[in-house]
Structure formats: C-alpha cells, structure tokens
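> make a model of this:
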Amino acid sequence: MKKSFLHIIVLLLLLPAAILQAQAPALQLRTSTDQQVYITGEDIWIDLLFTGSLGNAKTLRIRLIDRSGQAKAQVEIVPNGNGGSAYMSIPENLPSDYYFIDAYARGIATTTSLRPLMIINPMLPPAACAASGTSSSNAVSSNINIQTDKQRYAGREEVKLTVTGLSDVQQLNISAIRQDRLSILMDETAAGRNLNLVHDANGDVEGEGHHIKAKVTAGGKPLSGLKMIASLKGSRSSLSTGTTDEKGVIHFILPLHYGQTSLMISPSETKGTKPIIEITEQQTERKSIAFPCLALKEEMRTDIEERIFNSRVSKRFYGEASRAYSIPDRDTSDFYGKPDERFLLDEYVRFPNMEEVIAEIIPPLRVKKEGGVQVLQVLNLPTKSFFEKEPLVLVDGVPLQNSKALIESDPLLVRSIDLVTRRYYIGEVEFSGIVHFKTYRGDRALLSNGDNDLITSFKGVQETATLQAPVFSASNERMPDSRNLLLKEQSLKPDASGTVSLRFNTSDALGDYKIVVKGLSKGGQEITSSSIITVK
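Residues are numbered from 1 along each chain as shown. The predicted structure is shown next:
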C-alpha cells in the first residue's frame, strides 16, 4: 500500500513536466533573406531551415508580417530536405516600417526565429509607434576569412571571391548587397535581437494536400447534408467531394497544386434553394512584436532615392527574367487516371457544331432531349446501355452543370475529350460516368459559371525558383544593370580544406557593397562574417 502511494506521488510530480514537454513546439524554423533593406514592389528572396519533425506535413507557409503580427504577404512551399527557399513580392501599399519574415507549418506547434527587414515606401512615410525591444546577443565567434582580389572595382567588373575557414560551417549562404546608411541603420537596430514567434498547432496538418473549408447557407441558415464538389482549374483535373455538416460546413482535401489558378466549389446537383458558399479561412494567430520604431533622417534621402531608382530600373528591364524556375517532373494525370476513351479532335474531320462532333466521332456519348432540354449521357460500358443521369461534365478540370451551353459552344476551341464509361465514386458522391472537355487555351471555351458556383482565385504552392543575375551579350550589353544585390548563393558546399571560391560581376550602381557569409555551427547557432568592397 505504501509502495503504491509512493508511485502515485511520483506520477503527480512527473505529470506536469510531461504535459509541458508534450506542449512544447515540435518544430523550430529559422529564416534568412537576401537583403535587409527593400523598396516596395521588390522581391524578397528567403531561405528557410528547420530542425525537428514535419511529420506528414507536405508544405510550409512563409509570411511577411508587420509589428502587430498581421500578414501582409504569404507564400506556400514544399520543403527540400531540412530547408526550403521562396521569393515574395512586397505589396506596393505597405507604409515604410520594419517588417518580419515568419514561417510555420499548419497543425504543428512551431517556434520561428524571425528575420527583421526595413521596407521603404516612397509614398508612405513611417507611422508613429511606441514599440521597443531588448537586445540579447547569441553571436558565435567565427574563423571565417573573406578575401577578394581587390577592394575597388569598376562597374560590371568581375570580382574574384575566396572564403576560407568553413570546415565546420553548415547551410552556407553567401551574398553581396548594397551598403549605405539604411543598411547600417538596419544592422545596428537588429544587432543582438533574438526575435522568436511561437505558433500553436492550429488548423489541419496538410499531409494529403490543400485543406479547404467552406460554409454553405440559404436564407441565412446553414444547409446540412448537401453534397458538394471542389475543383481546381487546369489541364490536370483535381477534384474533392464532401457533404455539409449540421453547421453547413464542408471540408475538402485537394492534391497539391503549383502556381496560381482558380478554385470552384459547386453543388453536385442543382435542386432546391440556391446555396450561398463562403470560404472560411483558417486564421493564424496575431502576436505583436516588440521592435524599435523606424526613424528616417534627412541625410538618408540620397540613399533612399538611389535605392528606389535602382529598384525601378531592375524591375522595368528584367522583371520576371530575374527568376529562374526549376520544375521537376510531377504527376500530371487527372484524378480519374487513364480514361476509358480519349478523342483527339484534330485526328478527325472538324464539324461545325458540338452536337455533330458527338454524334459523328464519339459513340459512347450522346445528346438527348429531356423535357425540351439537351443533356449529355454516357454509355455504361459494363451494361452496354446509356446512363439515365447526366455524367460529371468537366471543362478544363472544372465541373459544368449547363450541358446546353457546352453543346452550343464552338468545337474548334476543344482539343480533346476524355470519357470514363462506368460509374465513378469520389467520397460519398456517385457519378454516372465522366466527360472531360480540354480546350487549347485552358479558358473553358469562354463558358460562364453557374449561378450556384463559387469561383475564386487560388494560390497554390510556389514553384522552386532561384535569383538569376543578368547575362549580357553583344546584343544586349547596353541594357542597364542597377542591381542592389550582386550575389546570392545558397546551400554551398566547401571543399575539403573548408574553402569556397566564387566569381560575380558588379553592377552599374556605384557605392559600397557588403559581402555577407552566413551559416550554422555544429551546435545550430548562426555564424556570420562580412567584408566591404567598393564600386567606383
């Protein structure tokens, strides 16, 4: 009895510690950026490292937040190994201030080491604020040595860079960025500040794909038991189905989609009251960040004007060309896999209307009039008879419930037609076959959406991209080059002696540039070293 009592005491003592350990963030994220001073409209190039386990989560979110914790821009990426990279365009309407790069994984408790930035908007000066913050240094002494072939360079001259003392440095990044009064102020303000943000395990872990929640109402009351379809527009058809609960809420899971597209949510059948569909976003908690106020001085005017000029010139002449995309092979098949029949219309005689195309070329599909309305029906191959109900009709991956409009559309806009000639089930929804019309331009043959459909823009996972420096030849050597960022190399591997050698060119923008070498020690602490060169 006494032994059992002692066991109970030990459990009571250990239980709080176990609870705290269970609640501790399971994931630690560290962010870094190519620069620390930006002009609105520029791209921020972000590197991300993490320790801990992502579990089955497939994506990470990276945010640009203000000092109140409100997100101003966001991208979603697929991590590679124990890190990832992304670019983020700064909104043009942000006021001048300090901002922060944050990251988290949905459904996983996360601690993120924030990266502070200075963003300058020439039209919106800094607002008054009362925030402050304390400094606490975690710097690690470094034996990194940065050497260049000289200290002064002409515009567009090659710089030969050698960095030694890297034997014990991991996750090595090297950049060369503009150094002026603004960057010096940013360095002094951020020096020794450890800014961490803790994210609770909110939302659903995106282990299977994108999680989307919607609420369906009619007359201000929730609609329960309504079967719905969610789809993403594109050459690859991605569908998810579900049924609304007693609160009218429905949950969809769609496969990962890369890039910008359109999301459509619609009822699987059009009957009864017209529903109102609203996307319910999972809000990330907002937590204020203690940081000094931005105070710009008159002597910084020249630096601000030069940065604005350089930024506008680079964006005007290069823009998207500054991004180099690396797109690996991905599954591009439709959700139904290989269709039972596929008709490439260019292989047949082109008929002037869609009804003739179906009648003359596609035997497993027919047009039938029901109550004076034209509908489509698919042959049920196992029974050798046509389904009585209409099939799931898709145009460029998106359901279309107005078959009449499709039959009356221009067949010359359609490239191919896929058929699934059997019953098909997605979740709780059953379809009497599938017909998928794919157009040449991916514009749904200019067909309008149904009255019951919700269609909205959808920002999927960002394609992997790297910063591309201008490449000059005899044909474009007179193109201006006003880059504030001369070099950005990430995930570098030193040789056996702990040395990295690089070459890069200066730009036409004169001034001082700081070569920054960043990495992690074996203990996981950040190591930084820098050196200055001048372009005259």
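
> give me the distance between the two termini of stretch 512-527.
The separation between the terminal residues of stretch 512-527, taken as Cα to Cα, to the nearest Å, is 22 Å.

> which residue ranges of the stretch 201-350 of the chain form helices?
301-317 (DSSP state H, counting those that start in this stretch).

> where exactly do the strands run in it?
In the stretch 201-350 of the chain, the strands defined using DSSP state E, counting those that start in this stretch lie at 210-218, 221-222, 227-232, 238-243, 249-254, 260-267, 276-279, 323-325, 341-344.

> now the fifth one and strand 210-218, what's the angle there?
This means strand 249-254. 150 degrees (axes from the mean of the first three to the mean of the last three Cα atoms, to 10 degrees).

> in its sheet, which strands sit next to strand 249-254, and in what direction?
Sheet pairing for strand 249-254, assigned by DSSP bridges, gives strand 210-218 (antiparallel).

> okay, the strands of the stretch 201-350 of the chain in JSON lines with distance to residue 511, mean pLDDT and mean neighbour count next?
No exception for glycine: its C-beta is placed from N, CA and C like everyone else's. Below are the strands of the stretch 201-350 of the chain laid out as JSON lines (distance: least, Cβ to Cβ, whole Å; pLDDT from 0 to 100; neighbours: other Cβ atoms under 10 Å):
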{"stretch": "strand 210-218", "distance to residue 511": "44", "mean pLDDT": "89", "mean neighbour count": "19"}
{"stretch": "strand 221-222", "distance to residue 511": "61", "mean pLDDT": "89", "mean neighbour count": "12"}
{"stretch": "strand 227-232", "distance to residue 511": "46", "mean pLDDT": "90", "mean neighbour count": "23"}
{"stretch": "strand 238-243", "distance to residue 511": "49", "mean pLDDT": "90", "mean neighbour count": "22"}
{"stretch": "strand 249-254", "distance to residue 511": "48", "mean pLDDT": "90", "mean neighbour count": "19"}
{"stretch": "strand 260-267", "distance to residue 511": "36", "mean pLDDT": "88", "mean neighbour count": "20"}
{"stretch": "strand 276-279", "distance to residue 511": "47", "mean pLDDT": "87", "mean neighbour count": "16"}
{"stretch": "strand 323-325", "distance to residue 511": "25", "mean pLDDT": "77", "mean neighbour count": "13"}
{"stretch": "strand 341-344", "distance to residue 511": "58", "mean pLDDT": "93", "mean neighbour count": "14"}
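
> now for these, which one comes closest to residue 354?
Distance to residue 354, taken as Cβ to Cβ, is lowest for strand 341-344 among the strands of the stretch 201-350 of the chain, at 12.5 Å.

> now the following helix or strand past the closest one: how far from the chain's centre is it?
Downstream of strand 341-344, the first helix or strand assigned by DSSP states H and E is helix 354-361. Remark: helix 354-361 is offset 42 Å from the chain centroid, using Cα atoms, centre = their mean, to the nearest Å.

> can you dump the C-alpha coordinates of helix 354-361 into CSV?
Provided in CSV are the C-alpha atoms of helix 354-361 (Å, rounded to 0.1, in the frame of the first residue of the first chain):
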residue,chain,number,x,y,z
MET,A,354,-20.6,20.3,-80.9
GLU,A,355,-23.7,18.1,-81.4
GLU,A,356,-22.3,16.8,-84.8
VAL,A,357,-18.9,16.2,-83.2
ILE,A,358,-20.5,14.0,-80.6
ALA,A,359,-22.8,12.2,-83.0
GLU,A,360,-20.2,11.5,-85.6
ILE,A,361,-17.0,11.0,-83.6
